[in-house]
Every structure is written in C-alpha cells, then in structure tokens.
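Q: give me a 3D structure for the following:
(one chain, ligands or ions: 1)
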Amino acid sequence: MMVVGSEWTMGVDTSTQSLTGIIIDINKSEIVYKRKINFDHALPHYQTENGVIYSENKTVVHSYPLMWVEALELLFYEMNERGLTLENIKAISGSGQQHGTVYVNDLFEPTLKTLKPEESIKNQLEGCFTRETSPIWMDSCTTRQCEEIRNALGGLKKTIKITGSNTFERFSGPQIRKFSQKNPEKYTRTARIHLVSSFMASLLSGTNAPIDHGDGAGMNLMNIRTKEWDPRALNATAPNLLEKLPHLCNSFDIIGTISPYFVKKYGFPKECSIIAFSGDNPNSLIGTGLIKRGRAAISLGTSDTFFSYLKKLSLDFQGEGHVFGSPTGDYMSLICYKNGSLAREVIKTQFNLDWQSFSQILADTPPGNHGKVMLPYFFPEIVPLVLNPEVKRFGLDPEDKEGNVRAIIEAQFLSMRLHSQWISEKPEVIFATGSASLNKEILQVAADIFNVPIYQFQITDSAALGAALRAAKSYSDLNAVEISWKQLTSKFLSIQEKEIIYPNETVKDLYEDMTNLYNACELYFLGKDTNPEEKRIEFIKKYFS
Ligand code: XUL
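A: Presented below is the predicted three-dimensional model:
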C-alpha cells in the first residue's frame, strides 16, 4: 500500500473518573497525543464526586451520559486548539467502563443522523433519554434481581455456564431488570439500551452502534459460547428486551465511518473508520499486550482488576470471577474489586500523606506487617461479596499509620492472589497499568505476593492505548496490510516498558502463609469459619519473633 501522509489512529476511553484520548502514529510507532479530561474538574456543573453520584447509602451509583458526551467534545475542541491535523486520523475505537447502561428513546438515532455542527451534541441530545442518569459498575442495589435471574436460569452453575459469570449487582442484566420493574412506563419508552462503550461509539458513527463480544459478556445476557443474545437470559431479565438491545459484533468489526458532524466541526477525514468500542478491561488486555498465555495484568484504577488472556473458555464455578470476550476473538478472565484507588485514598487522606510519603512507608515496613491484617471494605465489595461495607482489622490499631498503609496494599494483592486461583493459566509475569502502577513500592508488594516479575509501563492508560491499537489493527486489515497482534502490540509496548520489578525470593514462604492467614480472616468475617487469632499468632511467631 502506498503511504500518503501520516497515518494515525485514536483510542477514546470513557472511564469512571475521566475521559482519555490517545492518538498513535502507526508508521512511526509513537504516541502523538494524549489527554485526560477529569470529569469533576473539567465539568464541575455535574457536581460529580470522582465522576459519579452516590445515593445516601452508596448502593446506588450513577453517572451522567451527557457529561461523557460533553467531555468527548471538549477533547476534540482541545485537539483543534492544539493545532493537531485531525485529517491524519484514519480510524477510531474506544473503551468504556464496563456494565453501565444508557437508556435512549426513539429520537436518539434520528437526532444523531442529523446533528447540526453549529450546536453542541449535548444540547441536541438532551431530549433523547428515558433515564437521565446511568447506573454504573459501582452500583450494588440489584441483589434481588440477581437472585431472580439466577433462579430463572436454573441456579449458579447454569447461570455461569450460559453467561460466563454469576449474576452480579453491577452487571447490565440485573440493572435493566430493576429499571423495568420500578419504571415500567419509562422502560417501555426505551428504544435502545446501550452500554457506555456502544453509546460513545453511537455518537461517533452517527447511528445506534452494536455491542462487541468483549463488553457484551459483562451483561448476563450474552451466551458466552455462541456469543449471541441468549433467549433464556433475555426472558429472565425483562419483557421485549431483544428489540431494545443493539446487535452484537466482533470487537474488530468496522461499524461505519465517522458521522459528518465531526468532519465538518473538527476536520476529521470523512473516510475515518469507526471500530466497535469495547469495555475498558478488554481494551486493557490489548493495551498491556496480553495476547498469549502465561501473562496477566493488574489494573490499579478506580476499580482494581486482575485479568489474563485465555485461549480456551475456562469458567469460575465458585462464581467470583468472570469470562469476557477478548478483542482478539478469544477469551479473557477477570476479577474486579471496588476497593481500589478510592480505598487507598481513604488511608492516604486519613493520615495526611502524599503519595511519596505513602510509598516511603511501604519501603520502610516489613513484608508480613508484623501479622497485622486489614480487610479493606471501605465500600461495598465484589470479591468477596460484601454489600454492607465495614473495615475489619486484626491486630491492627486504626491509628497505626505505618501498619494501615502496609495493610491496605497487602490486603489488595493477597485478595487478588487468593481469588485468582481458579484461573487455570498461571501467570509467569504480570503487567501493571492504571494510575497507581506509577508507584514502584506498591508494585514491589504485588511482585512479592505473587512471586513473579511485574512490568511497569510508562503509559498507564492501557484502555485508551488498547483502543488506539485495536483501531490500528482493523485499519491495517482493511487496507490488507498484514500485521499480527504480536507485531502491533510489541511495536508500541516495548518502547513503553519502564521497569521490571522482581520479587524478593526470601519472602516467598511468608506470603504463602500470609495468603492462608488472609483467607482465614476473610472466612471469619463472612461467618464461614472460626476466629483466626491463633493462626495469626503462629504467623507472628514464625516470622517476627
Ligand atoms: C469490571 C468492572 C470495572 C469497570 C470499571 O468488571 O466492573 O473494572 O469496567 O473500570
């Protein structure tokens, strides 16, 4: 193919706290532009707290679809202001926080098709929603609906076999069911129910966009084997649901070209391809180069996730983990924690620390924390399921600054190690992404607990980068330029590698024992086992006396 001018692709990630755009030059293998728009700061009129709005008891957690729309336009406006040649952008893909649902009426699509460049999209879309706010992944108010759907599908095992996951409070199916039960009239008027990813893709393509298999798997509605909507799951969820859902598609499908609105208003080329958007975790799989066995990633963001590439479908019948589609067309496993960065922030703020002093404490305190253990349920937790948040400390004074800092970080990775044991493909290396992955001392704790090397990247926005790489792959395929996932990701990721953090072999046994101790504390908290105090004393005797 003859190369005329620069060839750029773009990834846009609509996450919980911000919207990030990354542009890559696919011939020069470099990042041309990166910008993060923080919702609280850039769009204060929505009055969000860390990008969301909480109900009083924190079980209902929503956000504003129009805020995401405004952030997207702000991103493009700034790109124009910076003098970027948007004509070079040949393809765009995107990423969205998973599970969140957007409810639009029958005006949505006709409005998208006729957007006027002299007005903002936000103003033009104002009358197009049947629900002004969207329940997002942090919402945990659908326990009843989870139970109802699970029972209708024949119980836990069957639900997992059909949809790839147990029913979870944040998953789209239970959320849709609750909306249809509480607001039947609004539900009836809903013409389409989008995920955050397909909603954002709809804006760019100017039409109701499909849902890809990666994000579709996080709904309890898609059959994980056939990758089609499962009629049993749809019937168990809400009436006439099939007609309200977008089509399903491959993550690598080109779903159209960019809507004329963006061509006229910002100068995108009219042939710019829009590639199916996907969830942030499937995008991060590509953005961290997880395209072969033996590799896993931890993403330390608003949510902490642990995920890995799966060549073959492998399900967690304990019901804690999930299997989603991978953008390569295979599968990925994932476990997700709500007590990620927001929980770390609580401890940091409580002791008036900055990240530097927080890290220094981690460097100065011993692995094993003198046997002090914390179960860090500052917010409702997903793994294990804790709906009524409570922080439980074992041998740990709430005022002990050093002890609490080390305890929260150890707890987060001990829990990941413990609850990822169902994943058949064991990691030999772990890639770290998300804002907290900048913190080397946090990663050292992870390396020691998992006893594997951790790779730190310079770009911590793996979801946006993954989307830009996915756009590059589909664009190359379209132009018959052969490039494998491996070639593509290594071109961009090898230059991003910052540091490898090696595990300290002398604490291997200590963390083996501490994982068992943590398990005992957790089981006790959940009412499934006796008080772990004796085990804790034994642990202290073995390692600290
Ligand atoms: C994954 C999950 C979160 C969101 C937000 O199941 O709920 O990771 O995707 O990042």
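Q: what's the helix or strand for residue 123?
A: Per DSSP states H and E, residue 123 falls inside helix 121-125.
Q: ok, residue 178 next?
A: Following DSSP H and E, one finds residue 178 within helix 172-182.
Q: thinking again about what came up before, residues contacting the helix holding residue 123, please?
A: Helix 121-125 is touched from outside by 66, 69-70, 72-73, 108, 111-112, 115-116, 203, 261, with contacts defined as C-beta atoms under 8 Å, 6 or more residues apart in numbering. For glycine as for every other residue, the C-beta is placed from the backbone atoms N, C-alpha and C.
Q: ok, now stretch 38-55?
A: Stretch 38-55 is contacted by residues 15-19, 37, 60-64, 67, 70-71, 74, 133, 136, 138, 141, 302, 342 when judged by C-beta under 8 Å, 6+ apart.
Q: near the ligand, which residues of the protein? Just list them.
A: The interface of the chain toward the ligand, taken as C-beta under 6 Å from any ligand atom, is made up of 16, 97-99, 137, 170, 218, 279-281, 303, 305, 334, 336.
Q: 8 Å instead?
A: The chain comes close to the ligand at residues 15-16, 96-99, 136-138, 168, 170, 218, 279-281, 299, 301-303, 305, 322, 324, 334, 336, 382, as judged by C-beta under 8 Å from any ligand atom.
Q: quick one, what contacts the residue lying closest to residue 265 once chain neighbours are set aside?
A: Distance criterion C-beta to C-beta, 6 or more residues apart in numbering; nearest residue to residue 265, sequence neighbours excluded, is residue 117 at 4.2 Å. Taking C-beta under 8 Å, 6+ apart as the criterion, residue 117 is in contact with 261, 264-265.
Q: now a ChimeraX select for only the buried ones of these.
A: Those of the contacts of residue 117 that count as buried under 16 or more other C-beta atoms under 10 Å are selected in ChimeraX with:
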select :261,265
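Q: which ones among the contacts of residue 117 map onto helices?
A: Judged by DSSP state H, the contacts of residue 117 include 261, 264-265 as members of helices.
Q: turn the contacts of residue 117 into JSON lines, columns for pLDDT.
A: Formatted as JSON lines, the contacts of residue 117 follow (pLDDT from 0 to 100):
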{"residue": "261", "pLDDT": "98"}
{"residue": "264", "pLDDT": "98"}
{"residue": "265", "pLDDT": "98"}
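Q: just the contacts of residue 117 now: which is nearest the ligand?
A: Nearest to the ligand among these is residue 261, at 27.9 Å by C-beta to the nearest ligand atom.
Q: in the worst-scoring helix or strand of the chain on mean pLDDT, what's buried?
A: Lowest on mean pLDDT, DSSP states H and E among the helices and strands of the chain sits strand 497-501, with a mean of 84. Judged by neighbour count (16+ other C-beta under 10 Å), strand 497-501 contains these buried residues: residue 501.
Q: what strands line up against that strand, and which way round?
A: If you go by DSSP bridges, strand 497-501 pairs up with strand 454-457 (antiparallel).
Q: now, the contacts of helix 121-125 that are in strands?
A: Judged by DSSP state E, the contacts of helix 121-125 include no members of strands.
Q: let me know the closest of the residues you listed to the ligand.
A: residue 72 (17.8 Å).
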